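K.L.:
Provided below are the primary sequence and the corresponding predicted coordinates.
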Amino acid sequence: MPLCFLRRRCGRRLAADPVAALQYGKTNGYPPLIGLIRQRLKEKQHITCGENELLITTGSQQGLEMFAKILVNEGDTVLVEEPAFIGSLNAFRSAGAELIGVPMTAEGMDLEALDRLLTAHPETRFVYTISTSNNPTGISMPAEKRAAFYEIIKKHRVLAAEDDPYCELRFCGEIIPPIKSMDTCGQVVYFGSFSKILAPGLRVGYVCADASIIKQLSMAKQTADLQTPALPQMMIVNYVRNNDLDDHIRLLRDCYARKCGVMLEAINRYFPAGVTHTVPDGGLFLWCDLNNGVDTNEFIRAALSRQVAFVPGYAFMVDQSVKQSSLRLNFSALPAEKIAEGVQRLGSLLNG
Ligand SMILES: Cc1ncc(COP(=O)(O)O)c(C=O)c1O
């Protein structure tokens, strides 16, 4: 996080424009930030986003929660790639959604299964995907597959929620244009965030969608919190105007690529041969399967006693009651030597 800059600028912003920073603002967001995001979406993600097609949210989590709220009634079907981010699954559950998991392949969602499930469930309200560097697996859907995904949702006339906070954090290759960039029918609702590229505590995310959906989301936001606080939005605009955000993101990508490499090397060195794992192309996480029948929700206790934490696999599943031998490891937060040591400690427990 660019701490020095943000610390300095927070006070200056307040001093420069205290009314705009502290008074109620526009529900859809601070106009200069809306402009900045629209421009960036065009330049980096090839997404054309009209002025009425963007809503700033209190983190993308709020966008996901409100999207389910406006679309889902108790018992409605939502298809989600599985495994997927627990925060989204819980947001959809809280709106009353009946979740159905679409299995993942090494290249993202299994599209044959998606097509089959949409045929079997024509009542589906939307399909959820984390198209780039999925949380928890670190896997991305390649460009050709994104086009095929879009054809499927078009064929079934169903909305897709594309959750893409790791889009710019892909460290193996260029940005893959999001599914939203192909969306000529307004069927893709795109969720972005500054949490992973600047700072999660700013709580600034956004939704880019058809104007009719943004209008409903904006009404939902009015009932939730009226507006995203202006000060963090101003700080982001200020940061981008006075710094090279691309440079900062390059720094993050290099750092995460290196740490991911350290984690993979340590896994290969210390974990038993039967353990399988993903090889992330970006993001913050990788996914392991111990393949030994051990419930990782039990194994976590032993790990914590050795002061190593991970997230047990069940948390990312539709049916959380099924025991899982999978787990999610994070490589962004700790220094490289601690990552290697943590993996070594887990390895000694697994080998013991
Ligand atoms: C896939 C995914 N979506 C959404 C979020 C929530 O992000 P935000 O901090 O913007 O609310 C996260 C956070 O980890 C995430 O991994």
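P.N.:
Sure, I can see it.
K.L.:
you'd agree residue 78 is in a strand?
P.N.:
Yes - counting by DSSP: H, G, I helix; E, B strand; the rest coil, residue 78 is found in a strand.
K.L.:
which ones are touching the closest residue to the ligand within the chain?
P.N.:
Residue nearest to the ligand within the chain: residue 59 (2.6 Å; CB to the nearest ligand atom). Where you see a C-beta, it was placed from the backbone N, CA and C, and this is true even at glycine. Residue 59 makes contacts with 193, 195, 200, 203, 204, 205, as judged by CB atoms under 8 Å, 6 or more residues apart in numbering.
K.L.:
which of the residues you listed come close to the ligand?
P.N.:
Restricting these to those touching the ligand (CB under 6 Å from any ligand atom) yields 193, 195, 200, 205.
K.L.:
dump those residues into JSON lines; add neighbour count and distance to residue 45 as well.
P.N.:
What follows is those, written out as JSON lines (neighbours: other CB atoms under 10 Å; distance: CB to CB, whole Å):
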{"residue": "193", "neighbour count": "23", "distance to residue 45": "13"}
{"residue": "195", "neighbour count": "17", "distance to residue 45": "17"}
{"residue": "200", "neighbour count": "15", "distance to residue 45": "20"}
{"residue": "205", "neighbour count": "24", "distance to residue 45": "15"}
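K.L.:
so of those residues, which ones are in strands?
P.N.:
Judged by DSSP state E, the ones next to the ligand among the contacts of residue 59 include 193, 205 as members of strands.
K.L.:
tabulate the ones next to the ligand among the contacts of residue 59 (JSON lines), appending pLDDT.
P.N.:
Formatted as JSON lines, the entries for the ones next to the ligand among the contacts of residue 59 read as follows, by pLDDT from 0 to 100:
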{"residue": "193", "pLDDT": "98"}
{"residue": "195", "pLDDT": "97"}
{"residue": "200", "pLDDT": "96"}
{"residue": "205", "pLDDT": "98"}
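K.L.:
between the ones next to the ligand among the contacts of residue 59, which sits nearest residue 226?
P.N.:
In terms of CB to CB, no member of the ones next to the ligand among the contacts of residue 59 lies closer to residue 226 than residue 205, at 16.2 Å.
K.L.:
tell me the contacts of the spatially closest residue to that closest one that is not a sequence neighbour?
P.N.:
In space, and not counting its chain neighbours, residue 205 is closest to residue 60: 3.3 Å by CB to CB, 6 or more residues apart in numbering. Contact criterion CB under 8 Å, 6+ apart gives 163, 165, 191, 192, 193, 195, 205, 206, 207 as the residues in contact with residue 60.
K.L.:
now with 10 Å?
P.N.:
The neighbours of residue 60, taking CB atoms under 10 Å, 6 or more residues apart in numbering as the test, are 85, 87-88, 163-165, 190-196, 203-207.
K.L.:
now residue 274
P.N.:
289, 290, 291, 292, 350.
K.L.:
confidence score at the third one?
P.N.:
In this prediction, residue 291 carries a pLDDT score of 93.
K.L.:
how about it: what's its closest non-neighbour residue?
P.N.:
Of all residues beyond its chain neighbours, the one nearest residue 291 is residue 274 (4.8 Å), with distances taken as CB to CB, 6+ apart.
K.L.:
shouldn't the one you found be within a helix?
P.N.:
No - when classified by three-state DSSP, residue 274 is found to be coil rather than part of a helix.
K.L.:
from residue 351, how far off is it?
P.N.:
The span separating residue 274 from residue 351 equals 11 Å under the rule CB to CB, to the nearest Å.
K.L.:
tell me the gap between the longest strand along the chain and the middle of its chain.
P.N.:
Among the elements of the chain assigned as strand by DSSP E, the one spanning the most residues is strand 98-105. Put simply, strand 98-105 sits 16 Å off its chain's centre (CA atoms, centre = their mean, to the nearest Å).
K.L.:
what helices or strands is that strand leaning on?
P.N.:
Contacts of strand 98-105 with other secondary structure elements, assessed using 3 or more CB pairs under 10 Å, 6 or more residues apart in numbering; DSSP states H and E, are made with strand 77-82, helix 86-94, strand 108-109, helix 111-120, strand 126-129.
K.L.:
buried residues in it?
P.N.:
Of the residues in strand 98-105, those with enough neighbours to count as buried (16 or more other CB atoms under 10 Å) are 98, 99, 100, 101, 102, 104.
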